[in-house]
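Q: sequence-free structure coming up:
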DNA sequence: CATGTCGGTGAACAGTCGTCCACCGAACGG
DNA sequence: CCGTTCGGTGGACGACTGTTCACCGACATG
């Protein structure tokens, strides 16, 4: 029973985590805009004023949530980075990984998807920044794919952002799904796989430049 | 000068339009969730209680805004329907039309983009429905394109929703742009055009059935 | 052991919110 | 013409909001 008495910093960190977890829980019902400081502190079981011991602002709490969310996203892309024989395999595997992570971090994804478009300027900017970083990572990864080695930076980024947009759209659809509709989810996944396949089908036929300017490497 | 004294219905409609316009104006700064009934009525210059003579709810006002927004969207697709010689022309022309309409109905688009993900369930459902209808219309339109005549319904819808997702992503980016950054806007447009071009580049090579195969190079 | 630090308390504040109500007066309709 | 309809008024209500403050007591430190 007698656990070692909590150090002060430990206690503070624990409360901070409780605040983030409580916010995330309440965000399943309300949007971040409707989420009040008082609701969060009440959920945690502390007095409203105590909130300021951890965050200066609700916006600051929101930013912390963005950080958390993208933390799990990075884990995702890392595990999907395993080398796969063909593009089709890469696509199926990546989508699979995405779905798994959306299920594991449903509330985080929902938060990201909703606040990306609707949140306060600070939140939107933070999410957009992280998303851009994510896109860039994907672009670097794709350098190793067949055909893409020759593509210039702009084209690769263009492709990567198309993939990210498609994937985010899927994630958005998944987070809004009731838990008990596996057949709808399967249809969404199937569509996403096909969309990605279609996109990469065009890759070998992409002309480096629509109008010839500088010819490129090799 | 002496205009005929306004009929009662005319007056009511005028106030209703004023409410919608005021809401749209205020939505440039706050999100719909933060937009209060009182703010809207104050902007119009009527008393809060008078709101209920026009809408039962703020949600109902939101739904009216969704309707308005998609009204202008339908006008857009109709004008982009003009037959064009090549896919590239169709793409450039469509994107052009999109950009024009985003500028002309900036607040409507911003509202749609934000509430699609973040709004109340009723709003999100309404927007998703309209968007699905929009996608279906596009699918029907594309039937006439080369290669696409043979595609089955699912594949065409898959393609149409990919196009719509890409276009919505562009619209979202455009609505958040400061008015005085034409070069950023140009970059976004350029990227979108290329993404659409890449997508349609894969169309001729799409196999009706997703068996394992490899793309023949050009 | 004494002192200071600091997370959490409880109460108060000035606003804002949605909603309801009796009421006014002009357009309406028989 | 006269009674009805109804959009808008003005005020009130209870609830909820963010923020502040003095204060408490357990941990921290010398």
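A: Great, that's in hand. On a predicted model such as this, the values are computed, not experimentally measured, just so you know.

Q: contacting residues for the closest residue to chain B within chain A?
A: Taking Cβ to the nearest Cβ, chain B has its nearest neighbour within chain A at residue A:118, 2.9 Å off. C-betas here are computed from N, CA, C, even on glycine. Neighbouring residues of residue A:118 by Cβ atoms under 8 Å, 6 or more residues apart in numbering or on different chains: A:31-33, B:31-33, B:114-115, B:117-119.

Q: tally of neighbours for residue A:126?
A: Residues lying near residue A:126 (other Cβ atoms under 10 Å in any protein chain shown) number 21.

Q: Could you find the closest non-adjacent residue to it?
A: Nearest non-adjacent residue to residue A:126, counting by Cβ to Cβ, 6 or more residues apart in numbering or on different chains: residue A:66, 4.8 Å away.

Q: now residue A:47
A: Nearest to residue A:47 is residue A:41, by Cβ to Cβ, 6+ apart, at 6.5 Å.

Q: Let me see the confidence value for the one you found.
A: Here, the pLDDT recorded for residue A:41 equals 98.

Q: in which helix or strand would I find it?
A: Using DSSP states H and E, residue A:41 sits within helix A:37-44.

Q: Beyond that helix, next helix or strand please.
A: helix A:58-79.

Q: Excluding its own residues, what touches the next helix or strand along the chain from that next one? List them.
A: On the C-terminal side of helix A:58-79, the nearest following helix or strand under DSSP H and E is helix A:87-104. For helix A:87-104, contacts defined as Cβ under 8 Å, 6+ apart pick out A:72-73, A:75-76, A:79-80, A:82, A:84, A:109, A:145-146, A:167, A:170-171, A:174-175, A:185, A:189, A:192-193, A:196-197, A:200, B:212.

Q: one step back: per-residue confidence at the residue nearest to residue A:126?
A: Per the predicted model, pLDDT is 97 at residue A:66.

Q: okay, now it: neighbour count?
A: 23.

Q: Contacts only, for it.
A: Counted by Cβ under 8 Å, 6+ apart, residue A:66 has contacts A:112, A:115, A:123, A:126-127, A:130.

Q: Sitting in helices, which of those do you find?
A: A:112, A:115, A:123, A:126-127, A:130 (DSSP state H).

Q: still on that earlier bit, among the contacts of helix A:87-104, which ones are buried?
A: For the contacts of helix A:87-104, a burial check counting by 16 or more other Cβ atoms under 10 Å in any protein chain shown picks out A:73, A:76, A:80, A:109, A:167, A:170-171, A:174-175, A:185, A:189, A:192-193, A:196-197, A:200.

Q: separation between the residue nearest to residue A:47 and residue A:55?
A: According to Cβ to Cβ, to the nearest Å, residue A:41 stands 11 Å off from residue A:55.

Q: The strand or helix carrying residue A:162 near chain B at all?
A: In the assignment (DSSP H and E), residue A:162 maps to helix A:153-175. Yes - using Cβ under 8 Å from any Cβ of the partner chain, helix A:153-175 reaches chain B at A:155, A:158-159, A:161-162, A:165-166, A:169, A:172.

Q: Show me what that helix is packed against.
A: Counting contacts by 3 or more Cβ pairs under 8 Å, 6 or more residues apart in numbering or on different chains; DSSP states H and E, helix A:153-175 is packed against helix A:87-104, helix A:106-118, helix A:121-142, helix A:182-202, helix B:153-175, helix B:182-202.

Q: Chain neighbours aside, what residue packs nearest to residue A:39?
A: residue A:26 is the one closest to residue A:39 (Cβ to Cβ, 6+ apart), at 5.8 Å.

Q: Over to residue A:198?
A: Residue A:198 sits nearest to residue B:202 (Cβ to Cβ, 6+ apart), 4.7 Å away.

Q: Identify the residues contacting the one you found.
A: A:198-203, A:205.

Q: How about the contacts made by residue A:38?
A: residue A:48.

Q: Oops, could you answer that again for residue A:85 instead?
A: Taking Cβ under 8 Å, 6+ apart, one finds nothing in contact with residue A:85.

Q: Tell me the pLDDT of it.
A: The model's pLDDT for residue A:85 equals 74.

Q: Then residue A:30?
A: Value for residue A:30, per-residue pLDDT: 93.

Q: now it, what's its secondary structure?
A: Classification of residue A:30 by DSSP: H, G, I helix; E, B strand; the rest coil places it in coil.

Q: quick one, phi/psi of it?
A: Main-chain dihedrals, residue A:30, degrees, to the nearest 10: phi -100, psi 160.

Q: ok, it - how many residues close by?
A: The burial count for residue A:30: 13, using other Cβ under 10 Å.

Q: Next: residue A:190.
A: 14.

Q: again with residue A:152
A: Residue A:152, neighbours per other Cβ under 10 Å, totals 13.

Q: measure it to residue B:104 for me?
A: From residue A:152 across to residue B:104, the span is 34 Å (Cβ to Cβ).

Q: for residue A:156, same thing?
A: 34 Å.

Q: Neighbour count for the two, which is higher?
A: Between residue A:156 and residue B:104, residue A:156 has the larger neighbour count (other Cβ under 10 Å), namely 22 against 12.

Q: Many thanks, we can stop here.
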